[in-house]
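Asks: Mind folding the following:
(chains A and B)
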Amino acid sequence: MNADRRYPDVVSGPFEVPPIEFVDREERTIEIRPYDGSEVEFEALVEMYTEFDPSDRAQGIPPGRESRIQTWLESILDDDCLNVIAWDNGTAAGHSTLVPDGDEDYELAIFVLQPYQEAGIGTHLIESLLGYGAANNIYKVWLTVERWNHPAVALYKKVGFETTGAESFELEMAIRLGEDD
Amino acid sequence: MKVLLGIGGTDGSVDALDRTVARAAGAGDDLTVAIVDSDGGDVSHDDLADRVEAAVAETDLSVDVRHVEGEPGSALVDIAETEGFDEIVLGGSTTSPMGKIKINQTAEFVLLNSHVTVTLVR
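Replies: As a prediction, the model looks like this:
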């Protein structure tokens, strides 16, 4: 989208590389794994987003109806995207994704299902995704976030994102995971 | 209803054009299309005018087409207010690779500053 997007000079990380397992603040054992491309995992994500509270949508995603959720997921679960899912046994509790934007840049988004929020899952989920990205030679990641979404902004800052654009409705933030070639 | 549609060279604009023309034809709106300089689009004003003509051709509408120079947001608000329009319609958004909707600066300006109703076509 924007070829001259600014990135921090400092490299963030290293981050944990999935699969990882941990106990969240509600004593649930959560496993984070890369998406395996299976129908079972796809359907689990459809179910997660179907149950998603509309108040936690961000800039139109996840979309509101199951048919649109399917279409959206098909585009972001494509082979050229990187996806990690947080599992509570067979239930998808959270999902984070990197979608290519041109040759080197990737756009990031993260969603945690409401009953699993504020339990430390988001931090592991985003760090796992960044670790997974760096392991796949992805060095430039950006995102946009609504400026009133303070918990999300705080999470992004904690892992190393810096604000790179503030002139629009949304904040744009970016992180560097490695040096340019 | 007197409707002012602002279009630039973005995909959202073309979609907004088709849908606004269809709606105007159905509702009997008085439609004016303002072709503006857009941030992202690389389509010329003349190509856009041809596109408007094509969209209108299959309807009974007679549409006033104008070429508006300068800052699109303030120009649209100014035209709408000084000429008694009831509504401004805009494409006004693009989607990121992720599918997130981004409101462009023209749409943001119009939403915040217009005293007439604004419709964002998605």
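
Asks: burial count for residue A:140?
Replies: Using other C-beta atoms under 10 Å in any protein chain shown, residue A:140 has 20 other residues around it. C-beta coordinates here come from the backbone N, C-alpha and C atoms, glycine included.

Asks: try the one 10 residues further on
Replies: The burial metric for residue A:150, expressed as a neighbour count using other C-beta under 10 Å, is 10.

Asks: Could you pull out the strands in the chain for me?
Replies: All of this refers to chain A. Secondary structure of chain A by DSSP state E: the strands cover A:20-23, A:29-34, A:82-88, A:91-101, A:105-112, A:140-146, A:162-165, A:170-176.

Asks: you looked at the wrong chain, it should be chain B
Replies: B:2-7, B:30-36, B:64-68, B:87-90, B:93-95, B:101-103, B:117-120.

Asks: Would you mark the buried spots in the top helix by length along chain A?
Replies: The longest helix of chain A (DSSP state H) is helix A:121-135. Under the neighbour-count criterion of 16 or more other C-beta atoms under 10 Å in any protein chain shown, helix A:121-135 has A:121-122, A:124-134 buried.

Asks: what residues does chain B put near chain A?
Replies: B:95-103, B:105, B:108, B:122 (C-beta under 8 Å from any C-beta of the partner chain).

Asks: Off-centre distance for the longest helix of chain A?
Replies: 8 Å (C-alpha atoms, centre = their mean, to the nearest Å).

Asks: Show me what that helix is packed against.
Replies: Applying 3 or more C-beta pairs under 8 Å, 6 or more residues apart in numbering or on different chains; DSSP states H and E, one finds that helix A:121-135 contacts strand A:20-23, strand A:29-34, strand A:82-88, strand A:91-101, strand A:105-112, helix A:150-159.

Asks: about what we covered before: would you list the residues of chain B next to chain A in TSV and tack on distance to residue B:11 and neighbour count?
Replies: Converted to TSV, the residues of chain B next to chain A look like this (distance: C-beta to C-beta, whole Å; neighbours: other C-beta atoms under 10 Å in any protein chain shown):
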residue	distance to residue B:11	neighbour count
B:95	9	16
B:96	13	20
B:97	14	18
B:98	17	23
B:99	14	20
B:100	16	20
B:101	13	19
B:102	13	20
B:103	15	18
B:105	17	16
B:108	18	17
B:122	12	13
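
Asks: what's near enough to touch residue A:9?
Replies: residue A:176 (C-beta atoms under 8 Å, 6 or more residues apart in numbering or on different chains).
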